[in-house]
Every structure is written in structure tokens, then in C-alpha cells.
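Colleague: quick check, what structure comes out for this input:
(4 chains)
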Protein chains: 4
Amino acid sequence: MRTLKFGLIGTGYMGKSHAIALHSVAAVFPLSVVVECEMLADITAQQAAVKAKEMGFSRATGKWHELVNDNEVDVVDICAPNGLHKDIALAAIKARKHVYCEKPLALNAVDSLQMALSAEEAGVKTMVGFNYIKNPATQLAKQIIDSGEIGDIVHFRGTHNEDYLADASVPMNWRLKRATAGAGALADLGSHIINVAQFLVGAISAVNGDLNTVIKERSTAGSVIDKESVENDDQAHAMLRFNSGAIGTIEASRVAWGRKMGLTYEVTGSKGSIVFDQEHLAEIQLYTSDQKTSRQGFKRILIGPEHPDYQNFCASAGHGVGYNDQKIIEVRDLIEGISRDQAIWPDFRAGYEVALIIDAIEESYRLGQWVHVSEVDSKTQSRLLHLEHGKEKN
Amino acid sequence: MRTLKFGLIGTGYMGKSHAIALHSVAAVFPLSVVVECEMLADITAQQAAVKAKEMGFSRATGKWHELVNDNEVDVVDICAPNGLHKDIALAAIKARKHVYCEKPLALNAVDSLQMALSAEEAGVKTMVGFNYIKNPATQLAKQIIDSGEIGDIVHFRGTHNEDYLADASVPMNWRLKRATAGAGALADLGSHIINVAQFLVGAISAVNGDLNTVIKERSTAGSVIDKESVENDDQAHAMLRFNSGAIGTIEASRVAWGRKMGLTYEVTGSKGSIVFDQEHLAEIQLYTSDQKTSRQGFKRILIGPEHPDYQNFCASAGHGVGYNDQKIIEVRDLIEGISRDQAIWPDFRAGYEVALIIDAIEESYRLGQWVHVSEVDSKTQSRLLHLEHGKEKN
Amino acid sequence: MRTLKFGLIGTGYMGKSHAIALHSVAAVFPLSVVVECEMLADITAQQAAVKAKEMGFSRATGKWHELVNDNEVDVVDICAPNGLHKDIALAAIKARKHVYCEKPLALNAVDSLQMALSAEEAGVKTMVGFNYIKNPATQLAKQIIDSGEIGDIVHFRGTHNEDYLADASVPMNWRLKRATAGAGALADLGSHIINVAQFLVGAISAVNGDLNTVIKERSTAGSVIDKESVENDDQAHAMLRFNSGAIGTIEASRVAWGRKMGLTYEVTGSKGSIVFDQEHLAEIQLYTSDQKTSRQGFKRILIGPEHPDYQNFCASAGHGVGYNDQKIIEVRDLIEGISRDQAIWPDFRAGYEVALIIDAIEESYRLGQWVHVSEVDSKTQSRLLHLEHGKEKN
Amino acid sequence: MRTLKFGLIGTGYMGKSHAIALHSVAAVFPLSVVVECEMLADITAQQAAVKAKEMGFSRATGKWHELVNDNEVDVVDICAPNGLHKDIALAAIKARKHVYCEKPLALNAVDSLQMALSAEEAGVKTMVGFNYIKNPATQLAKQIIDSGEIGDIVHFRGTHNEDYLADASVPMNWRLKRATAGAGALADLGSHIINVAQFLVGAISAVNGDLNTVIKERSTAGSVIDKESVENDDQAHAMLRFNSGAIGTIEASRVAWGRKMGLTYEVTGSKGSIVFDQEHLAEIQLYTSDQKTSRQGFKRILIGPEHPDYQNFCASAGHGVGYNDQKIIEVRDLIEGISRDQAIWPDFRAGYEVALIIDAIEESYRLGQWVHVSEVDSKTQSRLLHLEHGKEKN
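Modeller: Predicted coordinates for the structure are as follows:
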């Protein structure tokens, strides 16, 4: 069997999750290649060496450029902060590496488009880490929708709320600054629920959103006196119109006290509904209109071997999957997509489509009105052309 | 003790619910007056007589004008279809009766304002039947918010979804026509959740909404061939901005398969959150930020004797209240408000404030942008002046 | 229409609940008689008079004997403490009154049998207030079981847990003494879940139980020094064998912290299951084995107009019923049973059948082994004969 | 670092789960040894070779004796059917291997005791695969109980119900025969909930149980005519008395329609309660008696980084763990127990303690009365002595 060697950049929360997935995937799924954890990049060579040992990577480096250009590395896996995604990805693409990048793809739609176009041009495979759509439960929801069991979709309501910044005493960090994070809750959490909406209901044609920064300034890290302005949204919500005619809303918040994994959705169709809550990630609620009136109700379906990708984890229904299992499925999709030269979803193009919606929501907020996604798409393409033209001229 | 005699107009679903409440209230709550079910009006004298016997009213009439002008009747209780609310209420006010009217108050804000002003001028008491805010659980939510336990409110999400018109084969009826119902789901169900939002979070300053008629035509009742256009929304949602700075969303649908009593809300504050679902009407979920991290979570509080108005129904916590119990509390508020000459809420003024939001949402939908409620208020006042001026001239 | 005049003894928690039901029932259900709240008995004439006014009864007395023998009273309604049930009921039966008695019927099976036999001999109607089986949701469970939808019942697990005596500092009261209460949690709460088991699964043939008094002594009311022994169980559980071959367990506790209305059951059949929790009293969970594997799950059925007795409260599904609504259904069954001279269930005979199980569980606890209900029945009959013979001799 | 080489016997459902855990554990937890998947045994050499490749083991064999006696193998991991546990384990112990064995440890208490004594004598480490107690949520429950937060435990109710044999048309298999499986649901599922009870509440002093075989015969596999008798229980329940004075019940069923992972427990203490449901494996419900009456309720605590072993899987609360994550924790406990020469729990001694309760419940069922666990322990020891003496004589 061929081998596929991964170079991972970043050793934080997501870096570890990727490492677990890469080490576990072959035990869960039959693969057509051998996965190797080849190289790890961290801020310093020393820290990288320590982490490489801890996380089971063969080699280490303090410079991501080295990893990106290393001859042995087949796939560059980007778990660095959002602000670095673009540079690393473009360098990796230039070096003809496949790229696996955490979400959101970049700080804005222009950068995302540039990354997607570069990858497409180079013919490398890409994937963005929107792991929640890999959950067997959400795959089941998609299957049910595609089968027509709940008819034509007429409404979608999605949320991704957490409370990791609800405490006003949490000091300033990179997530709260435009230059390092782009949008706030809208990008960090909203990107997930936008991706879910597109996965389940299809393309979004227009948006109309509202944003709010609840905690407007935070103390400078390490200081008890200095304060800095928060530069992006704590909470966001938007109304959506889909190409299909369905309408909907999404909501994202990082100040939603009590919500730890508040990714939820409710999809209503002309013949039924699906309700999902990621805090109970191994089940969906299904209502179909074909039930006898006196026996109608939402049915709680526990995920089991009959549903997508569950059987490889466990042969018995209802035993549950966890957060990292979603990542294992994601990594499987990536590996097999590369190995078999098949389409991968969500790739950078899909990452761009999420970024477009984020930009469009921000614009609708500034304008106070509906914004057509196709217009933001056109503008983004123009801006990118302009930028590249400018660069060429220089 | 003085007596307070009720004249009830309408013998459908809501009429019966009012009758139950009027007959039960004195057994539940100590009252300062004796309540009497004096007269019932229905479409014909004959049917009214039958129903009066069934529903425990002393007298009956086929003409609501007679009831409204009957000397014995102290309170006119309007459970007739929405399109009749205004005429009956104005006649009752003219006859110096107190008026208890089902929601929505009228077909639009102008009519609602006219009713509120007439009542205020006449000095009669009024109440609109937004019974869900009388639920002890929602009263508890209000109490918690007012106490500051969850801090300043930063977000509200509310829904009132049902599926009573989700079946496309349900024929045309009065609820689907502009002239008899005004707005669709937005008025019928949305009025409740708007009222809840105002009750819990305060005045709404601006709205931005979207509407959709999912089932665009329905068969004419009794015909298998003829079709008629549905003239109002099947589903509605809107983004809200409150005077306080909080933002939020509301959603209403009559085509939400599986939802039978889908009135829900989630109120997020700077120090905690409250979650409520009317399908489990005797409890709230409360999260407060003062919990030890390793012991934090939403607490499910079952309504009990320590909470508003529960003790009069039952001395033990968690035994539950039902739909009609909310109506009993509402009727108690009305009766005591009249008897003790105290403010009643929600009165016709509050009904107008709900109607304003409905009108504003419809306008924001037409314009595709935010609409300030104060502007709709000004326009509504102008229109009413203009109308009354026009009438005077005639 | 004929009238049916009630005489109510006891003005506590249950007395009030009965009063609410008697005043409300005619507004909810079409009745074949007019119900009148004729007379109220309390400990003193003065208190009775005050309460009669408050609770809407025409006359009052400080002596229950007067009420029982009053010519106007048709139905004697016993909401006095358990220890008085027998004497009042026997006196009422002697006076040829119909008797409506709160649960448990008496302090033990012998007394319960005596009451049942007396009533049967006198030909008066009786009812015991096991209101939870009147809940539309539990009636629906019964309907589903009877229809065969979940096949032959193979297992039953029921609980009725509350925490009203979990606090060890609650002082001694009549519920904790043998002479006034009989058994402890087993009688007060266990009687309900035994009744539910018999209602849903049929006659119990053998029991094997365990009892425990967790808080063995409590302070004498009003004293900070004196302590008294608790004389009955704080928690009880038992294994059951039904005549049908099904097996099961029941559990009752008055020291189950956190449980306010912890009456729950799970009924498993050869073709499906039903799960119920009285804290969510307006729904059941139903699982049937005929579902496609990939779409199988428990269905949450919200009670609606298609289900027993709901429509009279509300025309829309899922709007909910409350604690007192169960009592209204119970009272309707009583009134119509009397008026139409039809069988009433649960009558005193059914109350005796519950008492038999309580006695049998206590005996199995003493013996540490299974006890056949038929043997306890025989012994109870013998004891009663012996007692009556003894009396006759005196 | 030292290496620890595993030899795995069995390639079914549990074999795969062990393989996933062995391959993943080093990526999740920092270990003091390197884990190697050295050898895999299956029924034939050929199948073993195929599976070894699939499951990531270096070598393969068709004879478990070879694996057990292989010089490279440090730990023998037994995922073979129950009836083989004893022979394999004794051989492994004889070869001075550490032994990791799936539950139930053996077909009865005598065999279990023999295995425990052999291991203790040989000084090898052992572990039994009761993975549910490794769930961070159940570890949290244990932590809360040990801390005294819910006071002295007074009651335990546990279930482990599934429906994998509820369908009467499922043919005969080894789980239904005494010789290959021992007890039925009581051993297969009941062993888990017994282990949970002992983990959370401590030693059980006496039991009193009931058993039932619902589906008494099943078709011979592959035949449409022949039927065979089911030789063990489909459902079991028992009353328990703990050494501490607490009482409780457990229940196990393999015919509980709708239950896929129905391991649940409710632990009541003198100061609070904990409720858990393995179908929502990443949370517990906690009630404490120190809450203000008007704000009291069960709190839903989502497992997070502050709780046992969660942080190594994920840095954010509420993101969830899955079935295999429990196995990863179990394997970590085994590996570190061996590497650091520390006590492991549950070891074979703990497996024997579970087996004792199973035997005691079966005996109580035969006798129809309470059985003291200490007496079953004595008898088991005698029987084992007798057996060994017999063997020696031969």
C-alpha cells in the first residue's frame, strides 16, 4: 500500500484532535493507503520536538515553511490560528501539497477565494475542517432530506452558541481582533452553522444579518488597568433565503451563557421535520406527516449501524460517537479523496462559499438590508482580480 | 360581595376556554367579586341558547349588539373571529363595558390603536388574551429577569410554531384571508411570541423581517376543483432590536410539521440564561454564571408553590398546570383589575404595541430593510387621525 | 336535570382540589346531572363556615356526622386524613350515600375490604381518588396496550418518588405514624403506582418487597429537644409477578431528593414499549417493533384531541393538561357513574386490591420472600370475618 | 521508553473496539510505555492474517495457545466468547502474562474466583472490560458521591436494558445457552450495572432477584422447522442491600424494545441525587438539597475539561465523548497499571465480585428469598477448593 504522510502545523486543541484522528483512523476504517504522521511544526524547534514526541510525529520543526516544503510531506494540515491559514495554504499549494485546513478557511472571502482558486489551479486536494457535518447523525439528516422523506425544505433554523467569552473578565485575545480572526462569533462558530445550512438545504441566495459586540472592551492580557476594544461580534444572527425558495435563520454567539456545544438545527419540510442538537450528538428527532393522527410525534432515532459511518465505530446502535469520531470520519474522507482522486467536500471552494456568507452578513449589517450573495461573489472576484493585478504590476 | 357579570361572544375553542376559566376561577383564587356568566352570544339565537345551557350561561342571544348593550352585562368577552374584534369592542366601549378580547387585538395597528384610545378615553378596563405570559413558568422567568439574576439581557430568541396548516390539503378558511385575519402566522401565533418578548425584554425599537407563504393556494371549502389564493404568511421571522440594546429573533409558523405548541424562548443575559418550551409548560431551565465550573449546568426548575400563582392550583411542586389554568390566571387578573380599579396588563394598549410590531415586520419585509417601530407608530397615529378626520367630514 | 349534591369533608390540599373539580366539571364535560356543592365539613363549625364561603359550598358544619347524615347530601366526599376514611365511609354507606374517598382507601387491607363489602352490600357507588390513571396520557397508554399495539406485556417498571420528607429536619407528623397513616411512602405514593400497574398490566399475583426507614426519628413538632420514632417506611420497592406472566418492579420514596412528581412507568411488550413521566404529564413515549431499522426510535406523542378526554379541555394538541384536570376527569367519571348507574373504576373494590398489595409487600418484607396475593386475600377475608364475628358476639 | 506488546484474541465487535483503543490511546493520553499491537489470534490462521492486517497487528495466529505462550506478548487481551475466557486466562496467567478480559469474567463465580486467585498468585495484572465506569460522566458521579456532596447514599436504581433479542424470530445463538454464556441478560448486561452499583455505592450484602425467559424457544440457526430451548434469562431484576445500609434495585433485559443502550442509574443520597443515562453519555443530572426552594432543580452538567479524563479528548466542555473513548480510558488504566505496577480496577477480583452477585441473584430466584452474598462467597470458595482437591487427586 502507498503511504500518505502528514505534516501538521499547530499543536493546540485542534492540532491534538487532528493527531488523534490520524492515529486512529486506520483502526476504524479500511483505508487504501497507510497514513503516517511525518512532521510537526510549532513555534519553536524545541517545542515542536517535545510535541512531536507527545503527539506521535516522526520529525519536528520550528518553521512551518520547512514543513510545507519538505519532500516527504504529502498533506499539509493547518491547525494554526486563522490569520496564518492563507499564507501557509498558498505556500503548501505552491509546493504541490494537498491541504487540510481548519475552519474558518481565512479572514475573509477574498482570501478564501484566492486559496480555493490556487488549489484548483494546482490540482491539489483540499479540505476544510467543518467536522460537524461528518457526524453520522447529521449525515443521516442529509440522507433523509435527500430521500424526500420530509418533502421540499421550507425552513431552516440553526444556531451555534457557546459561552467561552461570556465572562467579561476574560482578557483580550487574538480571536477578538480583526487582523487575526476576521469576524467574531460569526466566523468562529457561525461558519459551522452556515456550512451545515448549505450541506442540508443547499446554496444561500441572500442574507440579512445583525451583529452585536456585547462586551465592548476587555483588559489587555496581563494587565489590570489597560483595556482594549473588541473588534468583532460577540453575537450574530441572520435571516437567509435559499436558492430553493426555503427561508431560514442562523445564530451564533460566544456569550451565550450555559451553551457549551450549542450547535442545533431544525429543518422543516413540506412533509416532515428534523431536529438536532449537537449536545446530544448521536441522535436526531424526526417527524413525518404520514403518521396516524393519534400516534403522531417526533421520533428520537439513536444512531446505529444502519446509519452513515457508524458501524465502523461500533456494531450496536445507541452506543454513541464522540467529538473525535467526527474528526476521524473527516480524515477518512480526506485520505480516501486523495488516495482515490475523488472529490472531497467541504473543500476550499466550499470554504469560500461559507466565507461569502460571512462577508455578506457583515455587509447586510452595515447596510441594514438584504444582500444578494451573487453580488458579494462578483465583488469578491473583482477585488481578488484587482489585488492580483496590483501585485503583478508591483 | 359585588357581582361582575360576563357576556361572552363566540362559542368556539376559545369561547369554551373562557367559559371554563370563568366557572373555575373562584374555586382557585380568592376573589373580591362574585363572577356570573350572564349572557352568551352566538350566530343564531337558537344556537346561542343551546350553547348557553352547555356552557353555563344564564341568558343567550343571536345578536352580539344585544349582549353588548345589555344592562346586566359588565364585561364583554370577545371570542369572535379577529375581523369582528374591532366593531364589537368599540360598541362595547361605547356602552361603557369593560372589554376582554382574544388576540390578536385587531387586523392591523390602526384598528388596534383606535380600540386602545377609545377604551382609554372611556375609562373602561381592557385585557387581551395573551395567556402564555400568565403561565407561572413564564411569570417566574420574568421574576428572575427583573431580579437581575441573569444580569442585563443581551439576546432573545422566541418561536411560536405549530403545524395546523402544514397539510396542503386543508381547504381555504378565514385565517388565510387578509380581510378576515390580517397577517397570517405572524398575527395568529407571532402575536403571542411578540407579546412574550415585550413582557420579558421590554420595548422593541426596530425590526427586520421575512415572510413566506409556503402553500400558495388552497382548495375552496367544499370544492374539489376550485382553488383560492392564500393571502397571508404561513411562516414569518424577524430580527429584533430592543430599546435596552438587546437584540433577538422571533419566528412563527403554521406549517411547522410536528410542532403542536411550539412556543419557546431562550433569554440570554450577561450573567445567565433562561430556556423555556411551552410543550413542557410547567418548568424552566435556568443557567447562572456564578456556578463552580465543574458543577455548572442548566437547572430544570419545576414550578411549585414558591412561584407565581401556582400555590392556588396545587400545594405540591411539579404536579403541573395546564392550558386552561393559564386562562384562569388571566381571568383573575381581569376580574381583580376591574374590581380593584387597578392596571391590567396586557390591556388594549399592550395589544396595540404587539400590532405595531406585526405591521412593522410586514413593512420591513416589503422594504427589505430595518424599520423603526417609532416611525410605524407615528404613521399609525397619522393614519388614524386621517381616518377619523375623514369620518368626521362625512 | 337532576341535581347531585356533594358534601365534602376536609379542606386541605386535596379538599381544595376536589372543590376546583366540582366547580369546573360542568364547564368542561357535558353532564347528565347538575352538580351542587352543598355542604362542607371541617374541624370546627367556624372554620367550616369560613372555608365554605371560600370554596363555594352552600352550607357548613364542624361535625362530619352531620354532613354524612344530611338529607340533602347525595355524595360524601372524603378528603380527611387516612385514619378517618373508614369511619366516615362506613357511616356514609350506612346513610346510603355514594362515597368518593381519597387514597389510600384505609390503613390496611382488612379495613379496605370492610369498606368495599359494605358499599357493595348497600348498593351505593364508590370511587377512590387515584387521579393519575385519569390523565389522558395514561388513558392513552392503556388504550395502546389494550389494542395489542405493543403485544403481550412482559415487563413493568413503575416509580412514585417525591422528596417531601427528604429533609431530616422536618418534624414528626401524622403521615409517619402507624395509627394515623398505616404504611409510609408505600401507602401514600406506592398506592398510586400499584394502581397504575393494575390499570395497565392487570392483577398482581405475587410480590416480594423491601422497605427502609431512612430517617429513623424526627423531632416532636414544636420541640427542639424531643424526638419520636418514625413508624413506617420512607422508601419501598418490590418485585411483582402479574397473573398474565409479566414481571415487574415498583418503587416509592418520600426521601428522593429532587423528585417532585416522580410517578413514572415503562411498560414493555412483545411488540413495543411505552414510557411515561408524570412531570411531563401530557405526553408518552411509544416504541413499536414494526419500524424500519434505520428509522426506529421512541416517538414522543403529545396528547391531543384524538386521545381520551383531552378534547373537552382544549381543541388543539400539545397545549397540555394540568393536575386539576385529572381530578375533573375523575369527578366526571364519578358523577356519570352515579347518574347513569354504571360501573365506576377505581371503586372501593379496586381500593381494596391496592391495599392487598401494600399488605402483601409488608408481609414479604417481614418474611424476606415472595408472598402470594391470593393468600393475603384469604387471610384478610378471614380476619374480617373474625373481627365481625367478634363484634357480633359483643 | 519500554514497550508493552498486546496479543488480542477475538476479532468481533469487542476485538475491534480494543484494537481502536490500543491504536488511539497514545495520541490521547501521555503514556509511560510504548504500546504495540503485536499479535492477533482468530479461529483460523488465514482469517487471523487477514484481520491482523485490517486491525493493525504485526503477527497473526489461528491458535490462541500460540499467542498466549508467545515470548513477545506482554498482555493477553481476551475478546473471545465468554465460555473461553477461563481457559485462555488461566493459560495466560500460567505463562506470566498480564490479562485483559472482556466481561463477564467467566460463566460463573467459581470459575471467576479461580481466575482471580491464579492471577493474584502469579502476580500478574488483570483487568475486566467494564468500560461504562470509565465514562467521564460516571467517574464524575463517583467523585461527587465520594466528596459527600449528596450525603450518605440511601438508594440506587440501575438498569441495563437493550432490545437485541426482543425479536422472537432471531434464531438460537451461543448467548442463549448455559454452557457457552452462563446466565442470560443478567450476565451479559446485568454484569455492567452490578459493576456500576459496586463502583458507586460499594459492596452488596444481600440480593433477592427474579428472572424470566420471555421467548422460551428459538429456531435453530439455519432451520425453519427446528426449535431449541433458550436456557437463560431474557430479563432479570433484583433488589439489593448494600453493606452501607443503602438499598436498591437493578434490572437487565435483552428484550426491552426500544432500548439500545439503556444503562441508567439514579443514586439518591441524604443530601442530593444523581441521575444518568448512557444514551446521553456525556452528562449527568445533579440535585443538591442546599438550593433555595424557589430555584431548586436537577442541574444538567455537561462533561468538560474539569471532569475526569475529559480534557485529554477535548479542551472544550460539552463536545462529547463516544463509546470507544471509554475503552481508551480503560486501556490507559490497564497500561499505566502495568507500567507503574499500580492497582488496577476493575481487576479479576472485581470481576469475581460481580460474578458472585450474578450467582446470588440466580440462587435467590431459585429459593424465592433473600440470599446473603457472604454465604455465596463461602460456598464458592468451598466449591473451588473441592474442585481443585478433586483435580489434585486425579
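
Colleague: please make it C-alpha for all contacts and neighbour counts, starting now.
Modeller: OK.

Colleague: so where's the stretch 201-350 of chain A uncertain?
Modeller: Across the stretch 201-350 of chain A, nothing is flagged by pLDDT under 70.

Colleague: residue of it closest to chain C, please.
Modeller: Nearest to chain C in the stretch 201-350 of chain A, going by CA to the nearest CA, is A:Lys299, at a distance of 4.0 Å.

Colleague: apart from its chain neighbours, what residue comes closest to that residue?
Modeller: Distance criterion CA to CA, 6 or more residues apart in numbering or on different chains; nearest residue to A:Lys299, sequence neighbours excluded, is C:Lys299 at 4.0 Å.

Colleague: neighbours of that neighbour, how many?
Modeller: Look at C:Lys299: counted by other CA atoms under 10 Å in any protein chain shown, it has 24 neighbours.

Colleague: equivalent analysis for A:Glu388, please.
Modeller: By other CA under 10 Å, 13 other residues sit near A:Glu388.

Colleague: and the residue nearest the centre of chain A?
Modeller: Of all residues in chain A, the one closest to the mean position by CA atoms, centre = their mean is A:Phe130, 2.7 Å from it.

Colleague: hang on, that residue packs against A:Asn195?
Modeller: Yes: using CA atoms under 8 Å, A:Phe130 is in contact with A:Asn195, at 7.2 Å.

Colleague: and the regular element (helix or strand) spanning A:Ile358 with chain B, contact?
Modeller: Using DSSP states H and E, A:Ile358 falls within helix A:348-367. No: judged by CA under 8 Å from any CA of the partner chain, helix A:348-367 stays clear of chain B, getting no closer than 8.5 Å.

Colleague: identify the bridge partners of the residue nearest to A:Lys299.
Modeller: Per DSSP bridges, the residues bridged to C:Lys299 are A:Lys299, C:Leu286.

Colleague: now do the contacts for it.
Modeller: Residues in contact with C:Lys299 (CA atoms under 8 Å, 6 or more residues apart in numbering or on different chains) are A:296-300, C:285-287.

Colleague: in a markdown table, list these along with distance to C:Ile145.
Modeller: Shown next, in a markdown table, are those (distance: CA to CA, whole Å):
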| residue | distance to C:Ile145 |
| --- | --- |
| A:Gln296 | 17 |
| A:Gly297 | 18 |
| A:Phe298 | 20 |
| A:Lys299 | 19 |
| A:Arg300 | 21 |
| C:Gln285 | 13 |
| C:Leu286 | 11 |
| C:Tyr287 | 12 |
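
Colleague: out of those, who's nearest chain D?
Modeller: The shortest approach to chain D among the contacts of C:Lys299 belongs to C:Tyr287, at 5.8 Å (CA to the nearest CA).

Colleague: was I right to think the closest one contacts C:Ser270?
Modeller: No: using CA under 8 Å, C:Tyr287 is not in contact with C:Ser270, being 11.2 Å away.

Colleague: overlap in contacts of the two?
Modeller: With contacts taken as CA under 8 Å, 6+ apart, the residues that reach both C:Tyr287 and C:Ser270 are D:Trp257.

Colleague: which residue of these two possesses the greater neighbour count?
Modeller: Between C:Tyr287 and C:Ser270, C:Tyr287 has the larger neighbour count (other CA under 10 Å), namely 26 against 23.

Colleague: pull up the residues of the stretch 151-300 of chain A that are close to chain D.
Modeller: Along the stretch 151-300 of chain A, the residues adjacent to chain D under the rule CA under 8 Å from any CA are A:260-261, A:278-281.

Colleague: show me what contacts A:Val75?
Modeller: Taking CA under 8 Å, 6+ apart, we find A:Val75 in contact with A:4-7, A:97-100.

Colleague: neighbours of the closest residue to A:Ser253 other than its chain neighbours, how many?
Modeller: In space, and not counting its chain neighbours, A:Ser253 is closest to A:Gln235: 4.1 Å by CA to CA, 6+ apart. Number of residues near A:Gln235 (other CA under 10 Å) recorded here: 26.

Colleague: same question, A:Leu240
Modeller: The criterion is other CA under 10 Å. On that basis, A:Leu240 has 27 neighbouring residues.

Colleague: unless I'm mixing things up, it is touching A:Ala203, no?
Modeller: No: here A:Leu240 does not reach A:Ala203: they are 10.1 Å apart, not a contact under CA under 8 Å.

Colleague: from chain D, how far off is the residue nearest to A:Ser253?
Modeller: According to CA to the nearest CA, to the nearest Å, A:Gln235 stands 19 Å off from chain D.

Colleague: next, give phi and psi for that residue.
Modeller: In terms of degrees, to the nearest 10, the main-chain angles of A:Gln235 are phi -140, psi 150.

Colleague: pretty sure it is touching A:Thr213, no?
Modeller: Yes: at 6.5 Å, A:Gln235 counts as touching A:Thr213 under the criterion of CA under 8 Å.

Colleague: just the angle for the host helix or strand of A:Gly337 relative to helix D:323-339, thanks.
Modeller: Assessed by DSSP H and E, A:Gly337 sits inside helix A:323-339. Between helix A:323-339 and helix D:323-339, the angle comes out at 100 degrees (axes from the mean of the first three to the mean of the last three CA atoms, to 10 degrees).

Colleague: any stretches of the stretch 1-150 of chain A with poor pLDDT?
Modeller: Judged by pLDDT under 70, no stretch of the stretch 1-150 of chain A qualifies at all.

Colleague: how about the secondary structure of A:Asp210?
Modeller: Of the three states, A:Asp210 takes strand under DSSP: H, G, I helix; E, B strand; the rest coil.
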